[in-house]
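Visitor: predicted model and sequence below, questions to follow.
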There are 2 protein chains.
Amino acid sequence: MRISEAASLSGLKIDTIRYYEAEGLVPNVARGSDGQRRFSFENVDWLTLLFWLRETGMPMKVMQQFAALYAQGDETIPDRKEILLDHSRLLAKRRHDLDRCDEILARKLKIYEEYFS
Amino acid sequence: MRISEAASLSGLKIDTIRYYEAEGLVPNVARGSDGQRRFSFENVDWLTLLFWLRETGMPMKVMQQFAALYAQGDETIPDRKEILLDHSRLLAKRRHDLDRCDEILARKLKIYEEYFS
DNA sequence: TCTTGACCTTGAGTTACTCGAGGCAGGTAA
DNA sequence: TTACCTGCCTCGAGTAACTCAAGGTCAAGA
């Protein structure tokens, strides 16, 4: 499929997809005879994963490592698993941060309320 | 107190505090006779709030609006409340994103597991 | 044939820090 | 007293991760 479709399916913007490809984050993107990118379902699946990893705060360097492993084939699955498990721990931390921020907002909002009484 | 203490209490780095002050995000920072910044407890409370707002994804432009309102005094409390409530809705969205990412990671990890059996 | 729309590359601009260079001020050690 | 060390200061450059604008190609439709 074309880049616009890959973008709307994955959640990434067209520019971001091109940028990620240039940075080596998206292996094996084919080109048509007209020089335009053609994305396979596997490509889109990968882009979607990148979208969610970025959305939840994975740094590009880590994504680059992850992509390099992915490009090397199935024998790197244990390493990739490790990266995803690490990220999963980061998600837990972020959830905790959200809770903390909620508390702080609630406290502030309460003070703001009290100001009007 | 001095900037290093304000940094360790608020969570922000020293450089970030200076940068935020330069951008107008931190009103009323006093200076000692030696030209060094002196932070009040109110300052540190404010910095801590900024830390958590940033940590949970509030863009600087919004923080700038928020700081401008804060600098204008108590009559802007309703507007500030509105900003915090908006942010609170953003937190809910982020929590939802974390859940979504968790799902996707779980699915990937399952596939990785299956690969070894 | 002309135009429209989706794609291409390259390079510059933006956001939000982050770091390094060079300098002052105050306290301690020789 | 002198030397040095630490913590602060400013200013300007560098970085990360996009994001956008300029200018160009190509296929399909009016």
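Guide: Noted; the coordinates are in hand. Numbering: from 1, shown residues only, chains lettered A, B, ... in the order given.

Visitor: now stretch A:108-117: average pLDDT?
Guide: For stretch A:108-117, mean pLDDT is 90.

Visitor: ugh, wrong one, stretch A:86-104
Guide: 96.

Visitor: could you name the helices and strands sitting against the helix or strand A:Ile83 falls within?
Guide: Per DSSP states H and E, A:Ile83 falls inside helix A:77-115. Applying 3 or more CB pairs under 8 Å, 6 or more residues apart in numbering or on different chains; DSSP states H and E, one finds that helix A:77-115 contacts helix A:60-72, helix B:41-55, helix B:77-115. All C-beta atoms are positioned from the backbone trio N, CA, C, and that covers glycine.

Visitor: in it, which residues are buried?
Guide: Within helix A:77-115, the residues scored as buried using 16 or more other CB atoms under 10 Å in any protein chain shown are A:77, A:80-81, A:83-84, A:87, A:90-91, A:94-95, A:98, A:101-102, A:104-105, A:108, A:112.

Visitor: cool, stretch A:29-43 as well?
Guide: A:Val29, A:Arg37, A:Phe39, A:Asn43.

Visitor: how far is stretch A:32-45 from where the chain is centred?
Guide: Counting by CA atoms, centre = their mean, to the nearest Å, stretch A:32-45 is centred 19 Å from the centre of its parent chain.

Visitor: right, I mislabeled it, should have said stretch A:22-38
Guide: Worked out by CA atoms, centre = their mean, stretch A:22-38 lies 19 Å from the chain centre.

Visitor: state the mean pLDDT of that stretch.
Guide: 95.

Visitor: A:Ala6: how many residues sit nearby?
Guide: A:Ala6 has 23 neighbours, counted by other CB atoms under 10 Å in any protein chain shown.

Visitor: give the contact list for it.
Guide: Taking CB atoms under 8 Å, 6 or more residues apart in numbering or on different chains, we find A:Ala6 in contact with A:Leu12, A:Ile17, A:Arg37, A:Phe39, A:Asn43, A:Val44, A:Leu47.

Visitor: element containing it, please.
Guide: If you go by DSSP H and E, A:Ala6 is part of helix A:3-10.

Visitor: which parts of that helix are buried?
Guide: Neighbour counts over helix A:3-10 (16+ other CB under 10 Å) mark A:Ile3, A:Ala6, A:Ala7, A:Leu9, A:Ser10 as buried.
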